[in-house]
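>>> Take this sequence and fold it.
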Amino acid sequence: MAGVTTPHLPPFHLDPPTRLPSAWTGSSRFPNPPTPRSARSVLSMQQQDAYLLPASPAGGRPATDYRPSVKKAQGHVPACLVNASVTYCSNDQIYAFGGFDQYTDEVYNHVLRLDLNTLRWELVDNYGDIPGVRMGHTATLYQGNKLIVFGGENEHREYLSDVVILDLQTFTWALPEIRGLIPRGRARHAAVIHDDKLFIVGGVTGENNVILDDLTYLDLQTWTWSRTWSFTARFDHTAWVWSNRLWIFGGLGPNMERTTDIWWLDLKGSPSLAGITTPQGTVDSLDERLPIAHYPDSISSPSTQMSPRSGSYAANSASVQVRNFGRRKPLAPGAISCLRFHSGPNVPALFSGTHFQSFASGVLLDLITPSETVRSHDCNLAALELNSLRWQRLADGHELFRPGYRWHYCTVNEAGTKAWLLGCSLDLANTPGASDENHMSEILSIDLEKYGLLGNDLSAEAPEQDSSWPDRSGHSPVSGLGADIASVFDQSPESGSGADFTITAIRDDDDFMSSDDYHDTPAGSPAQSQPTFVEPNPSTSAPIHVHKIILQLRWPHFKRLYAAQMAEYHTKRMHIPEPYSVVRAFLYYLYTDSISGHPDFGSSVVDVAGMLVMANLYDMPKLRLLCVNRLSRELDVDNAAIVWERAGRTNEHWLMRRAAQFCLTHWGRIVRTDGFKSLSHQSLIELCEVVDTEGRIIAGPELEMVTSLGDDTSGDGKGSRLRLGSVADEMSEADGDDEGMEIS
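All right, here's what the predicted structure looks like:
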């Protein structure tokens, strides 16, 4: 593989979700309340006995559309090395180690650190058993303050199998005492740590650059290697563990072409992968019963690890693997599954462009970056939902990239909320020196939360999308104390629930409310001397029975309002001028911390769209993120127009563009839905204006002759543009008796 220069991707690690700034200013009536939508609401709030929460605003807070920015790094800027390891290591620090300089033919063992706050590179002084020069290795973060380096290739094109640990607090290298059969040396493999085990998958090795199908792991508690199993042949790929499964995607296979399939191995319930170890290695009592695979280039290895030092900048030759012995090894234990993606509107074009892939927030990210032959308009950011194994496009290339840059490495923080691309500028006229084109002097920061990603913590808590909610007598995704609390939601005090507060909303007898009704519902229900509910007018819903302590703990606006001893404090009642189903789903979220579909408390996507408005209204960033994530995944013909309108109201430009593009793609069906008809007159006009000024409707017979139907997304935040080819303008009128095409 001497001619291959594809950079090996380091493991992605993902900062806590960024808190949104407060959207509202204070007033004498409410402590830090939202701004009311209409003058009617203002007058109602000024009445002595009024105790209403204001309706949601039409425009939301001022905001501009998000676009990642490119910033220039300073300091000891490293060269654009090939097959170095670039790893995010907490506290906004990125560490780069090793790599090959294709302009000088040098292989390095330098440690460099990039501070993302100051945007400065610096060369790190390191001590101890400094490893030899290498490329194509992996450097995986362990316990938050250690980098575990495995394998790679030295300057003599020899493959390594040593394990070296860098302490990021003392910058001292150490050699653990390794037990068991050391796996063969390799480069451009994948590594991932799970349950105190360092899994190693695939790679290349040997004099003929054999592509390995090996799977093995190092127990980081006993420093003992497991046996080696056969999995799938791959190199330059990405590996991660999620939902008790080991996944791999991308890279190149035995035919030296990029693969379009994803593999996963069940880890749960396998004694071998659970780590039954002895000082001599891993014992597998099921070996005799496992199917056997033959691999022609397997080797035996020494059982001890030698020091990597061999003079200054020497190769790590003590752990080089060069001998070849044929032996048989079993298939990996556990169920092995594979899925190949042949085509699809959102499936990444894996055979073009420079791809960076990583696991984050329960999805696999695939980022196509510009290259010499690929323009930014041909790039995109896509995500594969691992629950449904469905691709969706998060952003188009021109929304992410500016022309004139090349990107060589990508890494993600441990929270799964931010990604950084490291590369160089191609504009030498504006560069201090011509040689800077070969340095990683440019940094592109991408806020993944802007594209609906939840972050690793929230995605780990989210139930699977395929899971269905049972009735109240069955089990719930909420367990333990949470299930007990949820069981008393909206139960009258007479039932023994202990409910001590009631909330009313706007009655929503219809599935969809018009935007005019949504905002201008008559406000007001007079204060009652007793906490019992009296329906003030036909538009008010039935009461929802809740607990003050839950609302105070989970809803900051209610806590401020109640602490100020407003009318609600005395009457133990509140009216929220939002649809009843939305308010009920919102209150259930306060009890359960979940917005997943439920037959009684918010299974409708339209309700989630209303909750997005309330999240914006009351400055609740976590709820906002959950809503954006679910709405982006569950767009359909019935709800797309509603999602578009609610996203525009809350300044969620990315979601608004996605919904607009969906509406244009399915325009003929969208305009016939109740959701579209429920939009206000102004919203209908704005959605229609999303269509390109040159767009026109093509009749059915003409569509058979149209060779292309492209779509683009404008950069002004107003949505997508639909562009039709000029073929239709040159076509003659079709015959009226044409039978058309029969579809079965």
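
>>> Helices along the stretch 451-600 of the chain, start to end?
456-461, 481-486, 515-520, 548-554, 556-563, 567-571, 580-592 (DSSP state H, counting those that start in this stretch).

>>> Give me the below-cutoff pLDDT ranges for this protein.
Within the chain, the ranges that satisfy pLDDT under 70 run 1-64, 274-328, 428-437, 460-483, 509-538, 597-603, 694, 697-744.

>>> want to try a markdown table for the helices of the stretch 451-600 of the chain, with distance to residue 208 as columns?
(Glycine included, C-beta is placed from N, CA and C.) Listed next are the helices of the stretch 451-600 of the chain as a markdown table, based on distance: least, CB to CB, whole Å:
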| stretch | distance to residue 208 |
| --- | --- |
| helix 456-461 | 40 |
| helix 481-486 | 57 |
| helix 515-520 | 67 |
| helix 548-554 | 62 |
| helix 556-563 | 64 |
| helix 567-571 | 77 |
| helix 580-592 | 57 |
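
>>> out of those helices, which comes closest to residue 691?
Of all the helices of the stretch 451-600 of the chain, helix 515-520 sits nearest to residue 691, with 20.1 Å by CB to CB.

>>> Domain map for this structure?
Annotated domains of the chain cover 24-60+472-603, 69-280+290-299+320-458 [automatic domain parsing].

>>> Quickly compare the ones you listed and say which is most buried.
Mean neighbours per residue, mean count of other CB atoms under 10 Å, is largest over those for domain 69-280+290-299+320-458, with a mean of 19.

>>> so who does residue 407 touch?
By CB atoms under 8 Å, 6 or more residues apart in numbering, the contact list for residue 407 reads 354, 356, 369-370, 421-423, 444.

>>> Identify those among those residues that sit within helices.
Using DSSP state H, no member of these falls in helices.

>>> Take those residues and lay them out in JSON lines including distance to residue 382.
As requested, the contacts of residue 407 are exported to JSON lines (distance: CB to CB, whole Å):
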{"residue": "354", "distance to residue 382": "14"}
{"residue": "356", "distance to residue 382": "11"}
{"residue": "369", "distance to residue 382": "13"}
{"residue": "370", "distance to residue 382": "16"}
{"residue": "421", "distance to residue 382": "16"}
{"residue": "422", "distance to residue 382": "21"}
{"residue": "423", "distance to residue 382": "20"}
{"residue": "444", "distance to residue 382": "17"}
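
>>> quick one: which two of those are the most distant?
The most widely separated members of these, counting by CB to CB, are 370 and 422 (14.6 Å).

>>> what about the helices in the stretch 251-400 of the chain?
With helices called from DSSP H, counting those that start in this stretch, the stretch 251-400 of the chain shows them at 271-274, 397-400.

>>> And the stretch 1-150 of the chain, by the same measure?
Remark: helices assigned in the stretch 1-150 of the chain by DSSP H, counting those that start in this stretch are 39-46.

>>> so who does the nearest residue to residue 439 once chain neighbours are set aside touch?
In this structure, residue 439 finds its nearest non-sequential neighbour in residue 77, 4.6 Å apart by CB to CB, 6 or more residues apart in numbering. Residues in contact with residue 77, defined by CB under 8 Å, 6+ apart, are 121, 436, 439-441.

>>> what's the answer for residue 217, then?
By CB under 8 Å, 6+ apart, the contact set of residue 217 is 197-200, 225-226, 273, 275.

>>> hmm, back to that, just put the domains of the chain in a markdown table and tack on distance to residue 617.
Below are those laid out as a markdown table (distance: least, CB to CB, whole Å):
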| stretch | distance to residue 617 |
| --- | --- |
| domain 24-60+472-603 | 5 |
| domain 69-280+290-299+320-458 | 19 |
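
>>> so which of those comes closest to residue 667?
domain 69-280+290-299+320-458 (16.1 Å).

>>> what's the span of the closest one, first residue to last?
End-to-end span of domain 69-280+290-299+320-458 (CA to CA, to the nearest Å): 26 Å.

>>> Equivalent analysis for stretch 83-90, please.
The straight-line separation of the ends of stretch 83-90 (CA to CA) is 22 Å.

>>> helix/strand/coil for residue 644?
For residue 644, the assignment made with DSSP: H, G, I helix; E, B strand; the rest coil gives helix.

>>> For it, which non-adjacent residue is closest in space?
Per CB to CB, 6+ apart, closest to residue 644 is residue 659, 3.7 Å.

>>> Mind telling me what element the one you found is part of?
Per DSSP states H and E, residue 659 falls inside helix 653-665.

>>> now what about the helix or strand following that helix, what contacts it?
For helix 653-665, the succeeding helix or strand toward the C-terminus, using DSSP H and E, is helix 667-670. When contacts are defined by CB under 8 Å, 6+ apart, helix 667-670 is touched by residues 637, 640-641, 663, 676, 691.

>>> again, 6 Å this time
By CB atoms under 6 Å, 6 or more residues apart in numbering, the list of residues contacting helix 667-670 from outside reads 637, 640-641, 663, 676.

>>> Flag every buried residue along that helix.
Burial within helix 667-670, assessed by neighbour count using 16 or more other CB atoms under 10 Å, is assigned to 667, 670.

>>> Dump that helix to CSV, restricted to CA.
Taking C-alpha atoms only, helix 667-670 is exported to CSV below (Å, rounded to 0.1, in the frame of the first residue of the first chain):
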residue,chain,number,x,y,z
TRP,A,667,-45.9,19.4,-3.2
GLY,A,668,-48.9,17.8,-4.9
ARG,A,669,-49.7,15.8,-1.7
ILE,A,670,-48.7,18.4,0.8
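
>>> Heading C-terminal from that helix, find the next helix or strand.
Later in the chain than helix 667-670, the nearest helix or strand by DSSP H and E is helix 674-677.

>>> got the contact list for the residue nearest to residue 540 when sequence neighbours are not counted?
Spatially, and ignoring its direct neighbours in sequence, residue 540 is nearest to residue 504 (5.2 Å; CB to CB, 6+ apart). By CB under 6 Å, 6+ apart, the residues touching residue 504 are 540-541, 543, 575.

>>> re earlier: alpha carbons of the helix holding residue 659, as PDB, please.
Extracted in PDB, the C-alpha atoms of helix 653-665 (Å, rounded to 0.1, in the frame of the first residue of the first chain):
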ATOM      1  CA  HIS A 653     -33.400  27.500  10.100                       C
ATOM      2  CA  TRP A 654     -31.900  24.100   9.500                       C
ATOM      3  CA  LEU A 655     -35.100  22.300  10.300                       C
ATOM      4  CA  MET A 656     -37.100  24.900   8.300                       C
ATOM      5  CA  ARG A 657     -35.000  24.200   5.200                       C
ATOM      6  CA  ARG A 658     -35.400  20.400   5.600                       C
ATOM      7  CA  ALA A 659     -39.100  20.700   5.900                       C
ATOM      8  CA  ALA A 660     -39.300  23.100   3.000                       C
ATOM      9  CA  GLN A 661     -37.300  20.800   0.800                       C
ATOM     10  CA  PHE A 662     -39.600  17.900   1.800                       C
ATOM     11  CA  CYS A 663     -42.700  20.000   0.900                       C
ATOM     12  CA  LEU A 664     -41.300  20.900  -2.500                       C
ATOM     13  CA  THR A 665     -40.500  17.200  -3.200                       C
END
